[in-house]
Every structure is written in C-alpha cells, then in structure tokens.
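Enquirer: Dropping a prediction and its sequence here:
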Amino acid sequence: MISLNTANLMGHGCSKNLGISGWCGGDKRKISEKVVLRVNSKVREHNNIHNTGKEEEGEEKKVIGRKMESVLKPLRDGESVLDLSPRSTVSGGVEDVYGEDRATEDQLVTPWTISVASGWSLLRDPQYNKGLAFSEKERDAHYLRGLLPPTVLTQLLQEKKLMHNIRQYKVPLQKYVAMMELQERNERLFYKLLVDNVEELLPVVYTPTVGEACQKYGSIFRRPQGLYISLKEKGKVLEVLKNWPERTIQVIVVTDGERILGLGDLGCQGMGIPVGKLALYTALGGVRPSACLPVTIDVGTNNETLLKDEFYIGLRQKRATGQEYYDLLDEFMTAVKQNYGEKVLVQFEDFANHNAFELLAKYGTTHLVFNDDIQGTASVVLAGVVAALKLIGGTLPEHKFLFLGAGEAGTGIAELIALEMSKQTKAPIEESRKKIWLVDSKGLIVSSRKNSLQHFKKPWAHEHEPVNSLLEAVKVIKPTVLIGSSGVGKTFTKEVVEAMTSNNDKPLILALSNPTSQSECTAEEAYQWSEGRAIFASGSPFDPVEYKGKVYASGQANNAYIFPGFGLGLVISGAIRVHDDMLLAASEALAKQVSEENYRNGLIYPPFSNIRKISANIAANVAAKAYELGLATRLPRPQDLVKYAESCMYTPVYRNYR
Ligand SMILES: NC(=O)C1=CN([C@@H]2O[C@H](COP(=O)(O)OP(=O)(O)OC[C@H]3O[C@@H](n4cnc5c(N)ncnc54)[C@H](OP(=O)(O)O)[C@@H]3O)[C@@H](O)[C@H]2O)C=CC1
Ligand SMILES: CC(=O)C(=O)O
Ligand SMILES: [Mg+2]
C-alpha cells in the first residue's frame with residue numbers, strides 16, 4: 001500500500017526546505033503520474049518527495065527528491081554528493097533503492113513517500129492540469145475550490161477558444177510561442193490542438209516556423225524544454241540523464257545543432273528541433289510525451305553571430321572537434337544505454353554530414369539508432385516517387401534521378417532508391433546506382449573527382465565529363481526526377497524547371513530543403529514554369545496555387561510522414577536495431593496510403609489530416625519487418641499489428657481523476 005505524505009494532502013503537496021533541487025514539477029509532468037501509475041500497480045516509488053524552492057524566474061516550484069537518497073547517504077572516497085551509482089546491485093544489475101539486500105544493511109535508507117498533486121500544484125503541473133475543464137467533483141476532491149473561476153468548460157470548448165486565439169496572431173513566431181506556452185501549461189490540450197488541427201499547426205510547431213524559433217531561441221527562451229548536455233558535463237553525462245524527471249524513455253531525439261534545417265550552425269539553439277520532432281512523435285505517431293526525451297549536445301558553435309549575441313544560451317566557444325567531440329558523444333550513447341536499456345530509440349537529427357554518417361555507422365551496430373535526415377528522408381522520398389509512378393508512368397528502375405545536394409538527405413535518398421531498384425530488378429546495387437546522379441557545390445559528381453570526394457559521395461562518381469552547373473546537368477543527364485537537397489533556396493531556376501519540362505511530359509520535382517526560405521523553388525514557380533505539368537512536392541508546405549484557372553495543391557515531402565510511425569513500430573515491437581528493410585517497409589506503407597482522390601489532385605502524399613492512421617500503418621509494417629528479421633523482442637507477436645499499433649497510441653483526451 002502506498003503511504004501519503006500528509007503535507008501533500010493539505011493541497012500544496014510539498015514537504016519543505018529539504019534543500020534539494022532538480023526538475024521542477026511546476027513546469028513539467030511527473031509526480032502525479034507516478035502516483036497514479038504506482039498506486040494502481042502497487043509499485044513502490046522512491047523518488048516522489050516534493051519540495052518548494054525558488055526558480056531562476058522566481059516562481060514556486062515543486063522539487064522531486066530523486067537525488068535525496070544519495071545526498072543523505074554518507075559519502076565514500078571519490079563519490080560526489082550527487083553520485084547516483086548503485087550501492088549494491090544484484091546480478092542483473094538492479095539497484096537496491098529500497099534497502100532490501102544484505103549488502104546494503106549498513107547504509108542509510110530514506111523512507112520515501114508517495115504524494116498526490118492537488119490544489120495549486122495540480123494547476124501548475126502541465127501533465128495533469130486541465131484548467132477550466134476540471135469538473136465540480138474534481139474541484140472538490142483536489143482542493144481546487146476558489147483557485148478556478150466557477151465555470152466548467154469541456155476540452156472541446158477550450159480547444160475552440162485556443163484555436164481562435166492562435167488564429168489572431170499574424171506573426172508565425174507568436175503562434176509558435178503561444179503553442180509552446182500551452183505545452184508547458186496544459187500538455188493534453190496542446191496535443192489535442194495539434195492532433196485535431198494538424199495541417200494548420202504543423203507549420204507552427206515544425207518547419208518553417210521552428211527554424212525561426214531556433215534562430216531566435218535565446219530571445220524567446222522561457223523555460224528549458226529538454227536536456228542540455230554540454231562539454232561542461234563531460235564525465236557526468238549519466239548523472240545528467242538522471243536529472244530528467246522521467247525514467248521510462250522510449251525515444252530520444254538528439255542534435256548537436258550544427259546543421260539546423262538549411263539554416264546552418266545554430267549551436268545550442270538547435271534545441272527547438274528535438275522538441276518539435278518529439279511533439280510530432282506524440283501528435284503524429286502516438287508515442288507518449290512522457291516517454292520522449294529531447295537532447296541537445298552542446299560542443300560550442302562556429303556561428304559568429306550567435307557567439308556575439310548577448311542572449312545566446314549555449315557555450316561561448318568554437319565547436320569542439322575530433323577526439324573531444326567523439327568522447328562526449330560516446331559518453332552520451334553509453335549513458336543512454338546504461339540508463340534506459342537496449343530498446344530506447346536514439347534519433348540523430350540535424351548533425352552536420354561530417355559527423356552524421358560516422359555516428360550512424362558507429363552506433364548502428366550497438367544501439368537502436370536512426371538518422372532522420374539520412375534514413376527518414378530517404379524513406380519518405382522513395383514513397384513519394386513510388387506513388388508518383390501512377391502519375392508519371394514507368395517503373396522505378398526505368399527512371400533517371402538527378403539531385404542538387406549530395407549530403408545526408410541527397411545520398412541517403414539515392415541509396416534507398418538504388419536499394420529498392422535492385423530488389424525489383426535483382427541487379428547488383430552498383431548497376432542501380434548508375435541511374436542516379438548528384439550535383440554538389442562543385443558540380444556534377446563524376447569519376448574524375450573521386451579522390452577528393454567525401455566517402456558518402458564516392459559511390460555516385462560515375463563516368464562523365466565534368467559538368468559545372470545544375471542547368472547543364474539537367475540538359476546532359478536528362479533526368480525524369482529532379483530532387484533538391486542542397487539547403488540553398490532558389491536554385492531550381494526558371495531555366496532548370498523549363499529544361500525538366502522540355503525533357504519530360506510530367507517532370508517530378510521535389511524541392512526538399514527547409515525551411516521555406518531555403519526551398520529550391522516555390523510551388524507557384526514549379527507550376528508556372530512547367531505550365532502546370534510538374535508533379536511537385538516540397539519539404540516545407542506551400543499553399544495551393546491557381547494556374548490558368550486550375551488549382552494545384554502540392555504535397556509536403558517531409559520526413560515527418562515517416563519518423564513518428566517508424567519510431568512507433570520500433571517501440572511496439574521492442575526492436576533492438578534498425579535495418580534498411582524497415583525503411584523500405586515504412587516507405588511501402590506510406591505509398592499505399594495515397595488514395596485515388598489524392599492522385600486525381602496531383603498529390604503523391606496523403607494529407608497530414610490522416611496522419612495517425614498513416615502512422616499506425618507504417619508502424620505495423622515496420623514492426624512486421626522487425627519480427628520477420630528477428631529483431632523484435634516484444635513477444636508473442638500481436639496478430640493484428642495495425643490494431644495493436646493503434647491501441648498503443650497516446651490520446652490527448654482528458655482523463656477523469658478519482
Ligand atoms: N524535406 C525533408 O524531409 C528534409 C529536408 N532536408 C533539407 O535538405 C537540406 C540539406 O540537408 P542535408 O543533406 O542534411 O545537408 P548536407 O549539408 O549534408 O548536404 C548539403 C549538400 O548540398 C550541397 N550544396 C550546398 N550548396 C550548394 C549549391 N549552391 N549548389 C549545389 N549544391 C550545394 C552540398 O555540397 P558540398 O558537399 O559540396 O558542400 C552538400 O552536398 C536542408 O535544407 C534540410 O533542411 C533534410 C532532411 C529532410
Ligand atoms: C525535415 C528535416 O529533418 C530537416 O529539414 O532537417
Ligand atoms: Mg532534420
């Protein structure tokens with residue numbers, strides 16, 4: 001049975017002045033969930049002491065006493081005050097936190113109590129706050145009388161009001177800040193808005209607005225939203241992970257901020273990306289918010305503007321490189337596995353390509369890792385191309401591809417397309433690669449450049465004369481599909497689109513670069529310059545375009561279609577490694593979701609309004625592949641994986657409190 005701390009029953013739920021700090025429950029989930037879950041399952045929880053203190057901004061906070069036990073224990077030689085290493089572990093490595101083993105008989109034990117958030121602290125707990133939606137009964141039971149005005153609203157009415165408010169803002173960044181504030185105030189309502197209004201709010205919490213938010217992150221920073229691991233934490237990364245208030249983590253999105261969208265090095269301010277991606281993991285893929293951990297690794301920045309910016313939030317130094325960089329990454333990856341086990345998914349996001357490929361190769365064999373920019377993008381683009389075949393004709397191996405940009409996205413997509421071609425033709429992958437050409441900042445990648453190319457470009461160095469410009473490359477290669485992944489805007493010029501159109505009845509043109517300012521061309525330009533013949537999709541969304549009396553709605557070729565469902569598939573199957581065939585499985589599931597009606601409208605992706613159904617199908621296909629490959633650990637395999645995936649998805653509907 002649980003014991004309740006009487007102080008908490010008085011309404012504010014805090015035993016005072018224990019002098020411990022850590023995660024402040026006032027702005028984040030935690031306490032109550034633990035209580036509810038632990039009460040139900042009768043699991044004892046040792047880290048639910050609350051405390052009051054003053055935050056930087058001077059607001060009241062609750063403090064979770066996760067570290068209390070180690071603080072109150074006598075220190076041994078070499079131990080720091082916050083040393084959390086297990087004092088005694090049984091053979092399976094299980095820490096004896098309750099003092100049950102013979103080996104810990106001589107150690108002090110803190111009698112942890114479990115408390116229920118109520119009253120003021122309940123209203124300040126974003127995971128449990130319902131604002132005006134607390135019922136009369138809940139207001140009585142949870143000491144809320146007088147703390148709320150008399151009216152009781154439904155969640156739907158709250159949603160209507162908030163959407164109305166958000167629509168009043170004309171500046172996208174204001175909408176972004178409003179959404180982040182909502183996430184910090186009332187998490188379920190935040191996700192309700194996002195799930196129900198996904199097409200309207202995706203551009204707010206994700207690209208393009210998240211790009212501007214990262215650029216101005218220092219100025220709009222209010223409360224930390226993820227875990228910051230900087231060079232200062234070297235040697236203490238495991239300890240830092242333990243500061244995070246949640247223990248059961250399923251998905252980590254981590255960046256080092258060096259290649260944020262097409263905006264370059266934004267250092268520590270890249271945090272907006274893991275936060276945004278994980279919001280999509282929950283809203284689009286149904287992974288529980290409490291199981292998501294955004295991380296930014298701060299090794300400095302080479303962005304001079306940020307280094308001089310008085311509001312910059314990161315380390316003020318040039319980027320660490322080489323051994324120093326890899327040591328910190330290695331400590332992080334090791335700590336992740338130590339703390340969360342084998343099945344936590346680590347998604348690398350927006351690393352620069354000189355680290356991204358190496359990190360993926362290095363940890364791909366030891367951890368469950370996924371690089372969204374290389375692999376997620378590949379999967380989404382392959383799906384779009386396969387779907388587009390219905391509109392442009394031919395089979396995949398019959399097409400010829402030209403990329404502008406030969407980095408993570410470009411070579412990642414190229415490789416997955418080649419893999420799929422080879423599966424279809426049974427020809428060696430080297431043969432399939434010959435149908436794919438890439439242009440980088442120095443021109444077409446050809447064999448005469450091979451010696452000076454980065455390793456990930458070498459497979460694409462085909463025999464050809466040097467070609468210096470994209471336009472020239474389009475003219476001589478005559479691709480049927482043109483893909484922009486350069487991070488440089490306005491590079492698909494009128495001449496380039498016209499050259500594509502003169503070679504193809506229906507040119508497939510994908511301008512993947514984000515945010516909108518970096519898009520290789522706009523939807524309007526693609527349709528106008530191709531005289532309405534292009535099949536077009538872009539990384540960031542464009543409004544429908546009217547051309548010669550016809551309305552063209554372009555799709556969004558963005559990895560957001562893939563990673564939420566892909567991650568869910570890994571989670572529900574308990575997969576321990578990512579395999580290329582899982583990327584193909586995700587791609588296949590996405591392509592199948594394009595309806596005849598979508599095709600009639602020239603779309604090669606289904607609308608985001610169906611994304612949860614799409615994600616469930618992607619998850620099921622990925623999980624099925626994980627079982628087939630023997631990489632799944634959650635046994636027995638559920639019969640109906642789509643139904644199972646749906647049943648596992650987070651729902652933002654308010655729960656009733658006892
Ligand atoms: N829609 C989506 O889902 C996704 C979109 N992206 C977007 O794709 C873009 C690129 O990302 P990523 O591949 O990771 O970046 P990388 O830095 O890895 O690659 C960029 C590539 O573009 C080339 N390049 C840069 N400038 C030019 C130029 N003026 N002309 C020709 N080539 C040029 C670079 O050449 P060089 O090697 O010579 O320097 C490099 O090959 C970003 O804008 C990103 O936001 C990324 C992932 C997903
Ligand atoms: C979408 C994405 O991952 C990027 O632009 O980097
Ligand atoms: Mg990215």
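Expert: Done, it's in. Ligands and ions are numbered 1, 2, ... in the order given.
Enquirer: okay, now the residue in the stretch 51-200 of the chain positioned nearest to ligand 3: neighbour count?
Expert: With CB to the ion as the measure, Tyr176 is the residue of the stretch 51-200 of the chain nearest to ligand 3, at 17.4 Å. (Glycine included, C-beta is placed from N, CA and C.) Counted with other CB atoms under 10 Å, residues neighbouring Tyr176 total 25.
Enquirer: Now it. Its backbone dihedrals?
Expert: Torsion angles at Tyr176 (phi, psi; degrees, to the nearest 10) stand at phi -60, psi -50.
Enquirer: same question, Asn468
Expert: Dihedral angles (degrees, to the nearest 10) for Asn468: phi -90, psi -30.
Enquirer: which one is it nearest to, not counting chain neighbours?
Expert: Gly443 (4.4 Å; CB to CB, 6 or more residues apart in numbering).
Enquirer: Cys292 now?
Expert: Counting by CB to CB, 6+ apart, Leu278 is the residue found nearest to Cys292 once chain neighbours are left out, at 4.1 Å.
Enquirer: Would you mind measuring from that neighbour to ligand 1?
Expert: Relative to ligand 1, Leu278 is positioned 16 Å away (criterion: CB to the nearest ligand atom, to the nearest Å).
Enquirer: Which residues of the stretch 301-450 of the chain lie near ligand 3?
Expert: Within the stretch 301-450 of the chain, the positions adjacent to ligand 3 are Glu349, Asp350, Asp373 by CB under 5 Å from the ion.
Enquirer: any chance of these in TSV, with neighbour count, pLDDT and distance to Ser615 too?
Expert: TSV is the format used below for these (neighbours: other CB atoms under 10 Å; pLDDT from 0 to 100; distance: CB to CB, whole Å):
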residue	neighbour count	pLDDT	distance to Ser615
Glu349	30	98	18
Asp350	25	98	22
Asp373	23	98	19
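Enquirer: and of those residues, the nearest to Thr207?
Expert: Asp350 (11.3 Å; CB to CB).
Enquirer: Now do the contacts for that closest one.
Expert: By CB atoms under 8 Å, 6 or more residues apart in numbering, Asp350 lies in contact with Thr255, Gly257, Glu258, Arg259, Ile260, Leu261, Gly270, Ile273, Asp373.
Enquirer: Tell me the secondary structure of it, please.
Expert: Three-state assignment for Asp350 (DSSP: H, G, I helix; E, B strand; the rest coil): coil.
Enquirer: Same question for Asn610.
Expert: Assignment for Asn610 (three-state DSSP): helix.
Enquirer: Tell me how many other residues crowd it.
Expert: 14.
Enquirer: Quick check: it touching Gln593?
Expert: Yes - using CB atoms under 8 Å, Asn610 is in contact with Gln593, at 7.0 Å.
Enquirer: For Gly276, list the residues it contacts.
Expert: Gly276 is in contact with Val205, Tyr206, Val210, counting by CB under 8 Å, 6+ apart.
Enquirer: sorry, back to before: who's in contact with the residue nearest to Asn468?
Expert: Counted by CB under 8 Å, 6+ apart, Gly443 has contacts Pro466, Val467, Asn468, Ser469, Ala473.
Enquirer: how much space is there between the fourth one and ligand 1?
Expert: The spacing between Ser469 and ligand 1, counted by CB to the nearest ligand atom, is 9 Å.
Enquirer: How about the third one?
Expert: Asn468 sits at a distance of 10 Å from ligand 1 (criterion: CB to the nearest ligand atom).
Enquirer: any idea which element Thr282 lies in?
Expert: helix 272-283 (DSSP states H and E).
Enquirer: The helix or strand following that helix pairs with which strands?
Expert: Proceeding N to C from helix 272-283, the next assigned helix or strand is strand 292-298, under DSSP H and E. Here strand 292-298 is paired, per DSSP bridges, with strand 227-230 (parallel), strand 251-255 (parallel).
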